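In: with the input below, show me the fold.
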Amino acid sequence: MSELQESQFIREKLHSGGGSAFARYRELLVGDGSIFALLKLEIITGLLGWIPGAPGLVLRKLFYPSLFAKTGGGIVFGRQLVIRNPQNITLGRGVTIDDYALLDGRGAGPGGFVVGDRVFIGRYAILHSKVGEVTVGDDVNIGTGTVVVAQGGVKIGNATQIAGNCKLAGGLFQFDAGAPKDRPFTRYTKGPVVIEDRCFLGGGVHVTDGITIGRCSMIGTGSVVMSDVPAFSIHMPRPGMIMGTTVPEDAREDLH
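Out: I've put the predicted structure just below:
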């Protein structure tokens with residue numbers, strides 16, 4: 001388990017330097033990028049991000065690729081996407097990003113946020129690198145409202161299907177009673193979250209820090225995965241159990 005330095009996180013960068021509000025805003029959107037990179041991002045997304053229908057799709061297809069480190073052909077950019085630090089993000093061929101999704105490559109470093117070919121990123125999905133690389137393989141589906149947060153890295157293998165409202169989130173927190181009041185914890189990670197090839201994650205699955213799910217595994221709806229899953233496994237949440245009664249049996253007649 002390795003400690004993560006607070007200087008790696010955007011909160012520290014925004015509030016420790018004492019710079020202007022504009023400088024902090026630029027740090028949030030384009031990191032160490034130039035004012036020109038910020039203006040380009042703002043102008044392109046501001047003018048084209050809201051346009052509905054085919055005109056919007058065509059215009060975004062023409063102009064959005066210039067924001068990213070590298071893109072393949074045939075990418076579909078939905079409406080009102082939130083894009084931060086695109087200079088660190090590479091998108092493969094045939095990627096579809098549905099409306100209102102967020103992509104943030106701030107902690108990935110140059111070339112450290114890679115989305116493979118023919119990937120679908122659902123509406124309101126979030127792919128966010130706080131610290132560490134994000135790698136999404138080919139033919140992956142990331143469902144509506146799913147959150148992928150790298151705090152130590154996230155790797156999703158080829159042909160993996162992730163249903164809606166899942167969360168893949170690395171990072172651990174250790175509280176320290178003697179620490180400053182504004183930061184009473186230390187951040188750690190056991191390593192990246194790894195989902196290997198051809199896995200299926202049902203709705204609402206939560207995969208925690210440092211976990212590896214072996215290839216061709218199925219994770220049942222609502223599971224919280226807290227230990228490694230061997231390849232070719234089926235992982236289900238604990239079955240529902242009746243733990244007791246709300247009203248004693250001899251008092252139930254009075255409730256009619």
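In: what are the ranges of the helices in the protein?
Out: Taking DSSP state H to define them, one finds helices in the chain at 10-16, 21-30, 35-48, 53-63.
In: thought Leu172 was touching Asp209?
Out: Yes - counting by CB atoms under 8 Å, Asp209 is a contact partner of Leu172 at 5.3 Å. From N, CA and C alone the C-beta is placed, and that goes for glycine too.
In: between those two, what contacts are shared?
Out: Common neighbours of Leu172 and Asp209, using CB atoms under 8 Å, 6 or more residues apart in numbering, are 189-190.
In: next, count neighbours for the nearest residue to Tyr25 once chain neighbours are set aside.
Out: Spatial nearest neighbour of Tyr25, chain neighbours left out: Leu38 (7.8 Å); criterion: CB to CB, 6 or more residues apart in numbering. Neighbours of Leu38 under the rule other CB atoms under 10 Å: 18.
In: my read is that Leu38 contacts Glu27, right?
Out: No - using CB under 8 Å, Leu38 is not in contact with Glu27, being 9.7 Å away.
In: how about low-confidence regions in the stretch 1-150 of the chain?
Out: 1-19 (pLDDT under 70).
In: and the residue nearest to Tyr25, what does it touch?
Out: Contacts for Leu38 (CB under 8 Å, 6+ apart) come out as 25-26, 29-30.
In: buried among those? Need that as a selection in PyMOL.
Out: To isolate the buried members of the contacts of Leu38 in PyMOL, using 16 or more other CB atoms under 10 Å:
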select buried, resi 26+29+30
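In: how about JSON lines for the contacts of Leu38, with distance to Val131 added?
Out: JSON lines is the format used below for the contacts of Leu38 (distance: CB to CB, whole Å):
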{"residue": "Tyr25", "distance to Val131": "21"}
{"residue": "Arg26", "distance to Val131": "20"}
{"residue": "Leu29", "distance to Val131": "18"}
{"residue": "Val30", "distance to Val131": "18"}
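In: out of the contacts of Leu38, which is nearest to Phe120?
Out: Using CB to CB, Leu29 comes nearest to Phe120 of these, at 25.2 Å.
In: quick check: the closest one touching Thr45?
Out: No - at 9.7 Å, Leu29 does not count as touching Thr45 under the criterion of CB under 8 Å.
In: okay, which residue is most central for the chain?
Out: Val148 (2.2 Å; CA atoms, centre = their mean).
In: any idea what that one is bridged to?
Out: Leu127, Leu168 (DSSP bridges).
In: go ahead and confirm it touches Leu127.
Out: Yes - under the criterion of CB under 8 Å, Val148 makes contact with Leu127 at 4.8 Å.
In: between the two, what contacts are shared?
Out: Common neighbours of Val148 and Leu127 (criterion: CB under 8 Å, 6+ apart): 134, 142.
In: and Ala21, how close does it get to Ile162?
Out: 37 Å (CB to CB, to the nearest Å).
In: out of the two, which sits in the busier spot?
Out: Here Ala21 and Ile162 are compared on neighbour count by other CB under 10 Å; more neighbours surround Ile162, at 27 against 8.
In: just checking, that one touches Val147?
Out: No - Ile162 lies out of contact with Val147 (CB under 8 Å); the separation is 10.4 Å.
In: give me the common contacts of these two.
Out: With CB under 8 Å, 6+ apart as the test, Ile162 and Val147 both reach Leu168.
In: contact partners for the closest residue in space to Gly49 that isn't next to it in sequence?
Out: Nearest non-adjacent residue to Gly49, counting by CB to CB, 6+ apart: Gln80, 5.3 Å away. By CB under 8 Å, 6+ apart, Gln80 lies in contact with 49-50, 99-100.
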